[in-house]
Each structure stands twice: as C-alpha cells, then as structure tokens.
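S.K.: model this:
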Amino acid sequence: MVAGFNPPLQVVGFIATKRGDADRGPAIRLRTDDARLRLVNDGDIVWVYGPRRHELATAIIDDSLPRGGVVARDIAGLAPTEIIRIVRIDADRPVLNPKPV
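M.R.: Below you'll find the predicted structure:
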C-alpha cells in the first residue's frame, strides 16, 4: 500500500435523523475493504472531507454497500452522489483544509 493513497468515495445514501431517534449523530458507513485501505476500524472517529466542508464522524463498517460507496448520517454539507474523502483522525497531524475533490 502506498502511503497517502486515499481514493475518493461516492455518497450513495444519506440518513437524516430526528429528535428522539435511538441512533443519532454524524456517522459514515463504508465497506471493510474501503476502511482497511484507510486504516479505519469500526467505531473510529474520522474526518469526512466533502465538497463544501469537513466534519468529524463515527465510522461504521457495513459490507452491504457497493465498493467505493458510503452512506452518510447527519453530516451537514453532503448530498447523495457527491464525492468525498475519509481520513482517520490523527492527534499528531494538524487539521488542514484539503484540496478540492
């Protein structure tokens, strides 16, 4: 695996929750192989870089998704069919504004 290799992902679904729902908050669902490529495990906090902004979200592993596809839950600034990047949070690396996707 090449260091820094992080292919883009496509949002194939969006879940918007409402007050009182059991599962709420920002989360991103992705396949095991896509997560492994990014060194992300189930339950990790990751940066989700979208076309307009970046947000922190919890990673959830879901192998029912197509390869390269993700489902976003409660992440502002994302819509289906948009291209995003996911980066595992690293306390040793400063937060930088990414290059446009």
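S.K.: What residues does D62 make contact with?
M.R.: Applying Cβ atoms under 8 Å, 6 or more residues apart in numbering to D62 gives the contacts 29-31, 71. In this view, the C-beta of every residue, glycine as well, is placed from N, C-alpha and C.
S.K.: Most neighbours among the residues you listed, which one?
M.R.: L30 (27 neighbours; other Cβ atoms under 10 Å).
S.K.: what residues are up against it?
M.R.: Counting by Cβ under 8 Å, 6+ apart, L30 touches 9, 40, 59-62, 65, 69-70, 86.
S.K.: Look up how far V87 lies from it.
M.R.: Counting by Cβ to Cβ, to the nearest Å, the gap from L30 to V87 is 12 Å.
S.K.: the residue most distant from the middle of this protein, which is it?
M.R.: G20 (23.7 Å; Cα atoms, centre = their mean).
S.K.: still on that earlier bit, got a markdown table for the contacts of L30, with distance to R52, secondary structure and pLDDT too?
M.R.: Formatted as a markdown table, the contacts of L30 follow (distance: Cβ to Cβ, whole Å; DSSP: H, G, I helix; E, B strand; the rest coil; pLDDT from 0 to 100):
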| residue | distance to R52 | secondary structure | pLDDT |
| --- | --- | --- | --- |
| L9 | 16 | strand | 96 |
| V40 | 22 | coil | 94 |
| A59 | 21 | strand | 98 |
| I60 | 22 | strand | 97 |
| I61 | 26 | strand | 98 |
| D62 | 24 | coil | 96 |
| L65 | 23 | coil | 96 |
| G69 | 20 | strand | 97 |
| V70 | 16 | strand | 98 |
| I86 | 16 | strand | 94 |
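S.K.: got the CA positions of the helix or strand hosting L56 in PDB?
M.R.: Using DSSP states H and E, L56 sits in strand 54-61. Taking C-alpha atoms only, strand 54-61 is exported to PDB below (Å, rounded to 0.1, in the frame of the first residue of the first chain):
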ATOM      1  CA  HIS A  54     -15.200  18.800   6.600                       C
ATOM      2  CA  GLU A  55     -16.800  17.100   9.600                       C
ATOM      3  CA  LEU A  56     -15.900  14.500  12.200                       C
ATOM      4  CA  ALA A  57     -18.000  11.400  12.100                       C
ATOM      5  CA  THR A  58     -18.000   7.800  13.500                       C
ATOM      6  CA  ALA A  59     -17.000   5.100  11.100                       C
ATOM      7  CA  ILE A  60     -19.400   2.100  10.800                       C
ATOM      8  CA  ILE A  61     -18.500  -1.000   8.800                       C
END
